[in-house]
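[1] Pasted the sequence and its predicted model underneath.
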Amino acid sequence: MTTIQGPAVFLAQFIGDEAPFNSLDGICKWASNLGFKGIQMPTLDPRFIDLQKAAESKTYADELAGTVASYGMQITELSTHLQGQLVAVHPAYDNLFDAFAPENVHGNPTARQEWAVQQLKYAAKASHNLGLNAHATFSGSLLWQYFHPWPQRPEGLVEEGFAELAKRWMPILNEFDKYGVDVCYEIHPGEDLFDGETYEMFLKAVNNHQRACILYDPSHFVLQQLDYIQYIDFYHERIKAFHVKDAEFNPTGKQGTFGGYQSWLNRAGRYRSPGDGQVDFKTIFSKLAQYDYKGWAVMEWECCLKNQEDGAREGAELIRNNIIKVTDKNFDDFASVKTNQALNRKNLGL
């Protein structure tokens with residue numbers, strides 16, 4: 001078994017225009033002072049990383065890693081959540097998702113997708129240059145608006161959607177495979193990969209590609225009322241990244257899993273700062289240790305109530321308190337009996 005690495009923090013929700021959150025040095029110093037040992041880095045903000053340059057220049061990648069290391073931390077994974085979203089976009093969402101891409105491809109879905117695919121390919125090489133073996137992203141979606149079958153879905157629609165999704169991702173998965181990096185899809189509502197069944201459908205469509213892996217985030221399963229503990233039993237071999245994010249689900253006589261178009265504050269299911277929700281992190285960390293998860297525990301802060309800096313401080317402590325330093329001996333070794341084949345046969349009455 002392997003002791004989980006951590007604590008680390010996903011920077012996406014903390015990057016801003018005010019110090020210390022507006023520069024790599026500033027945010028690294030802040031995170032290090034809270035006790036974080038790693039950062040999961042978004043890749044669209046040039047103040048923190050030039051993704052293309054990190055792919056094309058090993059020297060630049062080494063300098064980037066060196067900056068993070070100077071604060072006693074390391075990069076855990078790069079993140080292309082927003083770019084991955086744009087690999088597959090249904091036309092119903094074109095206007096909204098244009099905001100994730102450069103202005104020169106707005107209004108041009110083909111050019112936007114080509115840009116996104118290239119971003120993922122840069123991320124594969126950049127991850128390699130940084131010495132990383134896992135990458136965090138979204139799958140994108142062609143089918144989400146059809147998840148509730150009304151009007152009735154035409155026969156074959158879902159299968160066609162996953163075939164197209166696989167077609168778009170196969171060249172990207174192969175690129176990551178070339179560099180020995182796992183693509184960890186965050187299983188997430190709004191993506192075509194949002195639970196176990198949909199992940200398996202995608203896995204089948206990409207011929208069980210060895211790089212098609214999972215970023216496990218239990219908060220999204222709380223909101224779906226899915227057994228997030230058993231999920232680990234089913235998919236532990238494919239879980240290569242882990243977000244420590246909390247959530248709660250409190251249904252009423254007026255709303256349930258769909259939320260009734262309410263704000264996050266007023267939904268039955270809502271994300272909470274780590275430790276403030278209903279997620280059983282103690283059991284999750286035990287399960288991951290049991291299955292020899294070798295990656296990082298990365299705090300993701302999303303909360304409609306608590307200040308993000310308080311959430312980060314408490315999240316770092318929660319991770320530290322839940323990481324299990326795995327044992328190197330059996331607890332009952334003190335009572336062990338020296339044996340051999342002859343004695344074993346005698347004990348069996350043979």
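    Thanks, I have the structure now. All values derive from a computational prediction rather than experimental measurement.

[2] in the protein, what spans have low per-residue confidence?
    331-335 (pLDDT under 70).

[3] For it, which segments are assigned as helices?
    With DSSP state H, the ranges of helices along the chain come out as 24-33, 51-56, 58-69, 81-85, 94-97, 109-129, 157-178, 196-205, 218-224, 228-235, 281-290, 308-322, 341-347.

[4] For Val244, find the nearest of those.
    Proximity to Val244 (C-beta to C-beta) singles out helix 308-322 among those, at 5.7 Å. Just so you know, the C-beta spots here come from the backbone N, C-alpha and C atoms, and that holds for glycine as well.

[5] Tell me, how many residues neighbour Asn208?
    Burial of Asn208 is recorded as 10 neighbouring residues (other C-beta atoms under 10 Å).

[6] Ok, the one 3 residues further on next?
    A count of neighbours around Arg211, defined by other C-beta under 10 Å, yields 23.

[7] these two touch, right, it and Tyr179?
    No: the pair Arg211 / Tyr179 is not scored as a contact, 9.6 Å apart, by C-beta atoms under 8 Å.

[8] so how far is Phe202 from Val244?
    24 Å (C-beta to C-beta, to the nearest Å).

[9] Pick out whichever of the two has more residues nearby.
    Val244 (30 against 20).

[10] So the more buried one is in contact with Val298, correct?
    Yes: counting by C-beta under 8 Å, Val244 touches Val298, with 6.5 Å between them.

[11] hey, what's in contact with both of those two?
    6-7 (C-beta atoms under 8 Å, 6 or more residues apart in numbering).

[12] Show me the beta-bridge partners of the spatially most central residue of the chain.
    By C-alpha atoms, centre = their mean, the chain has its centre lying nearest to Leu215, at 3.3 Å. Beta-bridge pairing for Leu215 (DSSP bridges): Glu186, Ala241.

[13] From Leu82, how far off is it?
    14 Å.

[14] which residues does Tyr271 bridge with?
    Ala247.

[15] who touches it in this structure?
    219, 223, 245-247, 264, 277, 302-304.

[16] No more questions from me, cheers.
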